[in-house]
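K.L.:
got a structure for you, letters missing:
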């Protein structure tokens, strides 16, 4: 039947000549949340997809004009993070890599009995190196280094997903298939048009909010963009400024000529600071001296200042 569907182009639905005259209840479109292209489709996709596929098949049998397009999600950081991690694995452990504690290339050290129940563990099979995660998908070893290039992910996984969905018997018009990102200029212009339209209608505007930021990538790093740390959001700390008084240690003496010096501590519970009796300084912690916009001097760690 699948061969016959392909030969007859059964699911390729053009807009009929009388499309504008058709009542709404004679037209039916179904869509599916674009699966992310950092791996193959899994049983969860199949379960959800079956609902959409059954719906469009039923409506077509009812005589309606039906269309089912399908997109592949490639936007965001997960692909970039994985490609960068693979690049680092090869640079650190060789090609093919010999991971710490492993006897042969590509092997990982034996894990303990601790069970992983996270979403990531379910997708990766418990593997922690990208090389092994990709190998577990059946990708030949000689092809694995190609995944250091983000574009290769976009070329490799969508065709495999299309074949899997065809095997599933999907009622999709594959002419209407696409990937996201500006690698696809048509989809990119569609998204730009959407935002321009919404902005013209004053439905959206530029604003500011606190967000998780990736110094490595130089951009905001949203929840699903991270290889770890899912569910973590910005957290508000209060800085407590404790004014230092002379005499100063040599490192601070010069800075103190420019403004007041403050030892700065961060806390999640500023209300407890009224009862403070002492402040601890880490003898092995690296502190920095920073001039603030108002001319005052802050003493704190580089991480805190960043």
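P.N.:
Right, received. Where do you want to start? In this text the structure is predicted, and so the values were computed from the model without any measurement.
K.L.:
Do you have the helices of the stretch 51-200 of the chain handy? List them.
P.N.:
78-93, 119-124, 130-135, 150-168, 185-200 (DSSP state H, counting those that start in this stretch).
K.L.:
list the helices and strands the third one packs on?
P.N.:
Translated: helix 130-135. helix 78-93 (3 or more CB pairs under 8 Å, 6 or more residues apart in numbering; DSSP states H and E). For glycine as for every other residue, the C-beta is placed from the backbone atoms N, C-alpha and C.
K.L.:
This protein - how does it break down into domains?
P.N.:
For the chain, the structural domains run 1-98+127-206, 238-304, going by the TED database.
K.L.:
how much space is there between the residue of the chain most remote from its centre and residue 203?
P.N.:
Ranking residues of the chain by C-alpha distance from their mean position (CA atoms, centre = their mean) puts residue 247 at the top, at 50.5 Å. In this structure, residue 247 and residue 203 are 60 Å apart, going by CB to CB, to the nearest Å.
K.L.:
go on, residue 142?
P.N.:
Applying CB to CB, the value for residue 142 to residue 203 is 50 Å.
K.L.:
Tell me where the stretch 151-300 of the chain is predicted with low confidence.
P.N.:
Residues of the stretch 151-300 of the chain meeting the criterion pLDDT under 70: 227.
K.L.:
where do the strands sit along it?
P.N.:
177-179, 213-214, 219-220, 238-243, 261-267, 288-291, 297-300 (DSSP state E, counting those that start in this stretch).
K.L.:
Contacts made by the helix or strand that the last one is followed by with the rest, please.
P.N.:
It stands for strand 297-300. Proceeding N to C from strand 297-300, the next assigned helix or strand is helix 302-305, under DSSP states H and E. Helix 302-305 has contacts (CB atoms under 8 Å, 6 or more residues apart in numbering) with 264, 266, 286, 288, 290, 298.
K.L.:
Write the PyMOL selection for whichever of those are buried.
P.N.:
If you want just the buried ones from these in PyMOL, going by 16 or more other CB atoms under 10 Å, the selection is:
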select buried, resi 264+298
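K.L.:
Among the contacts of helix 302-305, find me the one that's closest to residue 22.
P.N.:
Nearest to residue 22 among the contacts of helix 302-305: residue 266, at 62.8 Å, using CB to CB.
K.L.:
dump the residue contacts of the closest residue to the closest one other than its chain neighbours.
P.N.:
Leaving aside its chain neighbours, residue 266 sits nearest to residue 237 (4.2 Å; criterion: CB to CB, 6 or more residues apart in numbering). With contact set as CB under 8 Å, 6+ apart, residue 237 has these partners: 266, 267, 268.
K.L.:
was I right about residue 252 contacting residue 244?
P.N.:
Yes. Contact between residue 252 and residue 244 holds when scored by CB atoms under 8 Å: they sit 7.0 Å apart.
K.L.:
what's the overlap in contacts for those two?
P.N.:
261, 299.
K.L.:
do you know how far residue 260 is from residue 294?
P.N.:
9 Å.
K.L.:
what about the two, which has more around it?
P.N.:
Applying other CB atoms under 10 Å to residue 260 and residue 294 shows that residue 260 carries more neighbours, namely 15 against 7.
K.L.:
Can you verify my assumption that that one contacts residue 299?
P.N.:
No. Residue 260 is beyond contact range of residue 299, at 11.3 Å (criterion: CB under 8 Å).
K.L.:
Look at residue 289 and say how many residues are nearby.
P.N.:
Residue 289: 15 surrounding residues under other CB under 10 Å.
K.L.:
need the contact list for the nearest residue to it once chain neighbours are set aside.
P.N.:
Closest residue to residue 289 in three dimensions, ignoring its sequence neighbours and counting by CB to CB, 6+ apart: residue 255, at 5.1 Å. The contact partners of residue 255, by CB under 8 Å, 6+ apart, come to 261, 289, 291, 297.
K.L.:
Which of the contacts of helix 302-305 sits closest to residue 83?
P.N.:
residue 286 (31.9 Å).
K.L.:
State the distance from the closest one to residue 256.
P.N.:
20 Å.
K.L.:
Show the residue spans covered by the strands in the stretch 1-150 of the chain.
P.N.:
Using DSSP E, counting those that start in this stretch, strands in the stretch 1-150 of the chain cover 27-29, 65-67, 70-72.
K.L.:
and residue 223, which of the ones you listed is closest to it?
P.N.:
That would be strand 70-72 among these, by CB to CB, at 20.3 Å.
K.L.:
quick one on the thing from earlier: highest average neighbour count across the strands of the stretch 151-300 of the chain?
P.N.:
Stretch with highest mean neighbour count among the strands of the stretch 151-300 of the chain: strand 297-300 (a mean of 19; mean count of other CB atoms under 10 Å).
K.L.:
what sits up against that one?
P.N.:
241, 244, 252, 255-256, 258-266, 287-292, 305.
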